[in-house]
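Q: A predicted structure for the sequence below; I have some questions about it.
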Amino acid sequence: MAAEFGEFLSGVELRRPNTPLLSNLTGTWMSDEQITDPASWARQISSTINFADELDVLLSDQDRILVEVGPAAA
């Protein structure tokens, strides 16, 4: 599924968002190169995530707001 997702994204124009994004893979801020790389997104959905590292980055700045988006409860 990850390969198909990467292939799909190869046909989409990926651009840098206005809001910085954290990488599930590295636990740090994503670079413009990572954000616009379809393979990076395919790896995000199929690899082990570093959620604790992401939280450390977010919580190190008291002025940040944390919003987690995920599937709704059934």
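A: Here it is on my side, so go on. Numbering: from 1, shown residues only.
Q: check contacts around the closest residue to D37 other than its chain neighbours.
A: Nearest residue to D37, sequence neighbours excluded (Cβ to Cβ, 6 or more residues apart in numbering): L14, at 7.5 Å. To be clear about C-beta, it is placed using only N, CA and C from the backbone, and glycine gets the same treatment. Contacts of L14 were listed using Cβ atoms under 8 Å, 6 or more residues apart in numbering, and they are I35, T36, D37, P38, W41.
Q: ok now do the residue nearest to the fourth one when sequence neighbours are not counted, which residues does it touch?
A: If I follow you right, that is P38. Spatial nearest neighbour of P38, excluding adjacent residues (Cβ to Cβ, 6+ apart): L9 at 3.6 Å. L9 makes contacts with P38, W41, A42, as judged by Cβ under 8 Å, 6+ apart.
Q: Excluding residues flanking it in the chain, which one is nearest the second one?
A: Same thing as W41. Closest to W41 by Cβ to Cβ, 6+ apart is L9, at 5.6 Å.
Q: in the chain, which segments are predicted with low confidence?
A: Applying pLDDT under 70 to the chain flags the ranges 74.
Q: I figured L25 hits F51, correct?
A: No - here L25 lies out of contact with F51, judged by Cβ atoms under 8 Å, at a distance of 11.0 Å.
Q: Name the residue in the two with the higher neighbour count.
A: Relative neighbour count places L25 above the other of L25 and F51, with 16 against 12, counting by other Cβ atoms under 10 Å.
Q: Got phi/psi on the more buried one?
A: As for L25, its main-chain torsions (degrees, to the nearest 10) stand at phi -80, psi -40.
Q: residues touching it, list them.
A: By Cβ under 8 Å, 6+ apart, the residues touching L25 are S40, R43, Q44, S47, I49, N50.
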